[in-house]
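A.B. asks: structure of the sequence below:
(2 chains)
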Amino acid sequence: MASEALGWWGVPLAIIAGTLRGSAPFLLVSLGECLTEKSGKINLGLEGTLLMGAMSAYAVSYLTGSPWLGVIVAGVAGMFLGLIHGWLAQQPRVNDVAVGIAMIIFGSGLAFFLGKPFIQPSAPQLPTLSLAGWTQIPQLESALSISPLFILGVAIAPLMQWFFRSSRWGLLIRAVGDSPDAAKAMGISIFKVRMASIVAGSFLAGIGGASLSLFYPGSWSERISSGQGLMAVALVIFARWNPVQCLYASLLFGGAQAIGPALQSVGIDAYYYLFNASPYILTLLIMVITCSPKRTLTGAPGSLGQAQE
Amino acid sequence: MKTAVAAPQIKTAPPELEVINLTKRFGTFTALDQVSIKVTPGSFHALLGENGAGKSTLVKCIMGFYTPTSGKVLVDKLCRDIDSPKDAHHFGLGMVYQHFTSVPAMTVAENLVLSRYDSPQWINWKAEYDRLDAFMATSPFQIDLRTPISQLAAGQKQKLEILKQLYLNSRVLILDEPTSVLTPDEADEVLGLLREEVTAGHLSVLMISHKFREVMAFTDEVTVLRKGKLAGHGYVRDLTVDDMAHMMLGEKTEATPVEKVAIADSRPVLELKDLCADRDNGLPAVCSASLIVKSGEIVGIAGVSGNGQRELVEVLAGQRPRHSGDILVNGEPYQSTRKEMARHQVYTLPEEPLRNACVPHMSVAENMALRTFDCPPQARRGWLLSLSSIRRMAEGLVQVFSVKTPSVDTPVGHLSGGNVQRTVLARELSSKDINLLIAANPCFGLDFSAVDYIHSQILAARNRGVAVLLVSEDLDELLKLSDRIFVISGGELVYESPTAAADIKTLGHKMAGH
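C.D. replies: You can find the predicted model right below:
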């Protein structure tokens, strides 16, 4: 463990390290969901997409020996699931939450079915970038090595913010999500814009899956996602549909996830499972705090989750 | 990063728009039959007609939303194929819709840039703002570019819709009832500024309207449609309001005269004391509203939509919790429970009746029984429904209130707007000892004869001694029906006057929040 030689200092260090390691899937999935929801559709199926991405990335990396190819295939597998969701969720009078739940089951089922042969073998992992070149302490070095996918996510967040503000496509997506009637009057195809947003969002979620299986925890098993895809949806609400705030929220969730292991590493085993449950408790708390029958959320796209006539 | 440069705003003369023998059929239904109309450059043209006369179909054919079954659209004397609003824009035609088409969460500038058909892929906001400022300087209306649409008042939103078309360099503007959500002052301002642009020869305008006052004051020419056919055309200077009404309605139909009976012993029925209510977002919508409605009296509440009327009616109807304050009916505290409604005989005609007062998938008979199904004779022993007596009651009401429905078993959602309103009216006014009626925009979107019918029913109820609270965005309706009139602005009742003594100018100023 990273913190053995550092004593109590190891706890915050382990939490920081765990945050840097564990928040990449949250970040990529929440950015994908943010893009999707800005266009007015909810994609709960990103949990399935995440698993599918994790499985396909691991499988391709094992079979070809190239983890980067695995990352790309994970994204493509995500786009494939996104296409299905985008088409189904836009049929008349179809509820996108119901479709999303079906897609969770479909995506995870498909991933488990295809992923059976890849549970045992070990696949080449993604290279890591070290932030700790300045230190000689091996614990710090291993703690501060980060995934290139995390850096990708950190770069995408402000880019997406700028995209929503200063690009024609970004304005179109916001228009479609906020007021489909207005968009229709401008001659915009709502179907195409939403389809593109869902597919692009699913691509990001697929890559998030690759970060799970090719970096941390760095293996493929059926319990690998433990609901992170669903939590990322809650996180988008918490972040008020703002990509940069998605980044902060992801770090918070990633940090919450690291509390349990960090305390265990200094020998606090009591309440281990309770601390491990902190991301879920955080999700519930956010839902309770943000939900009120008397007011609507500021920043929510106007037509979010409404079925087409 | 390449940023396309918008064409400079040159005020060219508008093209001539002509429609020749246009016919549009939907299946077997002929919506437009051989209609011709000509908008000469630099003229303000009004298109009049009742609901369903084909006005919207005509302009939608011109704008390329619909493909005409036969007939031609000419721009500058050349026959044009217009298949989409984009094509129409290419020929200098632009339409302003009845409903706002701006995206509420975006700023004015973002909406303007987005509306451009040639807007660049990457937007350089500094350059765009420079250009937009220059455009604003030459435009007839001024709106702050950085304000989000959701914070604009209705009048400003309507101005923005028109500005959008000017920004797109449209030279022939088609306006679909542009003043339906504006106060009289706002309407005069918007139309007056457009009139100046037309007189200066920069624009032609084709305006769909119901309002004779605006037609007389601002337009040059008028074309009237009736039941899909051309019913008349002329220059406004040669016509009177009666001539136009005659063309619109065919045979001379007089509005049923309003006769009010004075009620001898009137007592307070509804009393609001410092009533406060919140919007969906938790901000105050109604602030300390206090008023009294007596029996045999219609109290009108005027105001521009979005000033708290909806929330006020929802509180009274039991759809929204109040924040604070008291409601007294017949002197007793009133919580809008079903029990209290039945005991005090309180009835409601909410706006959007299909959403607020009906179950769309249930039949006309079931909807008409929503108030009474749990009382005898429709419920035996308090719980067993007698479907036959529900049907019988509904058949009677359909007759009396002339609801046009294939049968009482038809789902109410299949009826037209006017007949849905009649169904609700039948249910709410059928009780013998009705005591209090709360009506909100009861005639919104209905045609002349339906409006007349509903007005006469409300008046008849008043003359029977019912206390009526009438909340409406239509000032003419309030001036015609109500005995006393209040103005609501920003959630407060800012003005009260007996209707006979009310001054329309003052009402307009109060509605606009001055």
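A.B. asks: low-confidence ranges in the stretch 151-300 of chain A?
C.D. replies: By pLDDT under 70, the low-scoring segments of the stretch 151-300 of chain A are A:292-298.
A.B. asks: ok, now chain B?
C.D. replies: B:1-11, B:51-52, B:251-258, B:445, B:447, B:514.
A.B. asks: residues touching the residue in the stretch 51-200 of chain A that chain B sits nearest to, list them.
C.D. replies: Relative to chain B, the nearest point of the stretch 51-200 of chain A is A:Ala185 (4.1 Å; Cβ to the nearest Cβ). C-beta coordinates here come from the backbone N, C-alpha and C atoms, glycine included. Neighbouring residues of A:Ala185 by Cβ atoms under 8 Å, 6 or more residues apart in numbering or on different chains: B:Pro85, B:Tyr97, B:Thr101.
A.B. asks: try 6 Å
C.D. replies: The contact partners of A:Ala185, taken as Cβ atoms under 6 Å, 6 or more residues apart in numbering or on different chains, are B:Thr101.
A.B. asks: now swap in B:Asn169 and tell me
C.D. replies: No contacts exist for B:Asn169 under Cβ under 6 Å, 6+ apart.
A.B. asks: residue boundaries of the helices in the stretch 301-450 of chain B?
C.D. replies: Using DSSP state H, counting those that start in this stretch, the helices of the stretch 301-450 of chain B run over residues B:309-317, B:338-344, B:353-356, B:364-368, B:387-400, B:417-429, B:448-463.
A.B. asks: run through the residues that contact B:His344.
C.D. replies: Applying Cβ under 6 Å, 6+ apart, the residues near B:His344 are B:Val329, B:Asn330, B:Asn435.
A.B. asks: how many residues are close by the residue lying closest to B:Pro68 once chain neighbours are set aside?
C.D. replies: With Cβ to Cβ, 6 or more residues apart in numbering or on different chains as the criterion, B:Pro68 has its nearest non-adjacent residue at 4.7 Å, and that residue is B:Cys61. Counted by other Cβ atoms under 10 Å in any protein chain shown, the residues lying close to B:Cys61 total 24.
A.B. asks: which strand or helix spans B:Cys61?
C.D. replies: helix B:55-63 (DSSP states H and E).
A.B. asks: list the buried residues for the helix or strand following that helix?
C.D. replies: Next along the chain after helix B:55-63, taking DSSP H and E as the criterion, comes strand B:70-75. Neighbour counts over strand B:70-75 (16 or more other Cβ atoms under 10 Å in any protein chain shown) mark B:Gly71, B:Val73, B:Val75 as buried.
A.B. asks: overlap between those residues and the residues near chain A?
C.D. replies: Near chain A, judged by Cβ under 6 Å from any Cβ of the partner chain, there are no entries from the buried residues of strand B:70-75.
A.B. asks: OK, contacts around the closest residue to chain A within the stretch 51-200 of chain B?
C.D. replies: Residue nearest to chain A within the stretch 51-200 of chain B: B:Thr101 (4.1 Å; Cβ to the nearest Cβ). Taking Cβ under 6 Å, 6+ apart, we find B:Thr101 in contact with A:Ala182, A:Ala185.
A.B. asks: same check on the one 4 residues further on?
C.D. replies: Contact criterion Cβ under 6 Å, 6+ apart gives A:Asp178 as the residues in contact with B:Ala105.
A.B. asks: looking at this, it is in a helix?
C.D. replies: No: going by DSSP: H, G, I helix; E, B strand; the rest coil, the assignment for B:Ala105 is coil, not a helix.
A.B. asks: now do stretch A:258-274: distance to the chain's middle.
C.D. replies: Mean-position distance between stretch A:258-274 and its chain equals 24 Å (Cα atoms, centre = their mean, to the nearest Å).
A.B. asks: buried residues of it, list them for me.
C.D. replies: Buried residues in stretch A:258-274 (16+ other Cβ under 10 Å): A:Ala258, A:Ile259, A:Gly260, A:Pro261, A:Ala262, A:Leu263, A:Gln264, A:Ser265, A:Val266.
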